[in-house]
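1. Pasting the sequence and the predicted coordinates here, then a few questions.
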Amino acid sequence: MNKPTNKSIPKFANEVQERAFWESRDPKHDSTEHLDWSKARKVTLPNLKPTTKTISLRLPQHLLDAIKTAANARDVPYQSLIKVWLQEKLHSH
C-alpha cells in the first residue's frame, strides 16, 4: 500500500469543490497521497439512520387491504410490514 507523501489535505471553500477534487481522476488527488490507509480502523456508527426515499406504489385495493389486515394482526404499521417483507424477500435470493 502506498505511504502518504505527507501532503496535507487541501482546504475547500465548500462541499462541491471538495467532491470535485476527490472525484477527479488526477493521480495527485488520490487519498493514498494524503492518508496511510494501512492504519485505518473500522468504526461503528450506532446512531446513524439509513436514508430513506419516498416512493409511490400503486396496489390493487384488495392487496392493500390484505396487507393492512396482516399488519394489524402483528400490531405494526402496514408500511413497516411491507418493508420487512421486501427485505426478507431480497435476502432470500
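-> Perfect, thanks for sending it. Numbers count the residues shown, from 1 in each chain.

2. Can you name the next helix or strand after the lowest-mean-pLDDT helix or strand in the chain?
-> Ranking every helix and strand in the chain by mean pLDDT, DSSP states H and E puts helix 15-23 at the bottom, with a mean of 90. Downstream of helix 15-23, the first helix or strand assigned by DSSP states H and E is helix 61-74.

3. On the pLDDT front, check the residue of the chain most remote from its centre for me.
-> Farthest-out residue of the chain from its mean C-alpha position, per Cα atoms, centre = their mean: His62, at 33.3 Å. Note for His62: predicted pLDDT of 98.

4. could you measure it against Ala73, distance?
-> Distance of His62 to Ala73, given as Cβ to Cβ, to the nearest Å: 17 Å. All C-beta atoms are positioned from the backbone trio N, CA, C, and that covers glycine.

5. Also Leu81?
-> Relative to Ala73, and taking Cβ to Cβ, Leu81 is found at 10 Å.

6. higher neighbour count, these two?
-> Leu81 (17 against 9; other Cβ atoms under 10 Å).

7. Contacts only, for that one.
-> Going by Cβ atoms under 8 Å, 6 or more residues apart in numbering, Leu81 touches Ile67, Ala70, Ala71, Arg74.

8. List buried residues within those.
-> Ile67, Ala71 (16 or more other Cβ atoms under 10 Å).

9. Dump the contacts of Leu81 into JSON lines; add pLDDT and distance to Leu86 as well.
-> Shown next, in JSON lines, are those (pLDDT from 0 to 100; distance: Cβ to Cβ, whole Å):
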{"residue": "Ile67", "pLDDT": "98", "distance to Leu86": "11"}
{"residue": "Ala70", "pLDDT": "98", "distance to Leu86": "14"}
{"residue": "Ala71", "pLDDT": "98", "distance to Leu86": "14"}
{"residue": "Arg74", "pLDDT": "97", "distance to Leu86": "15"}
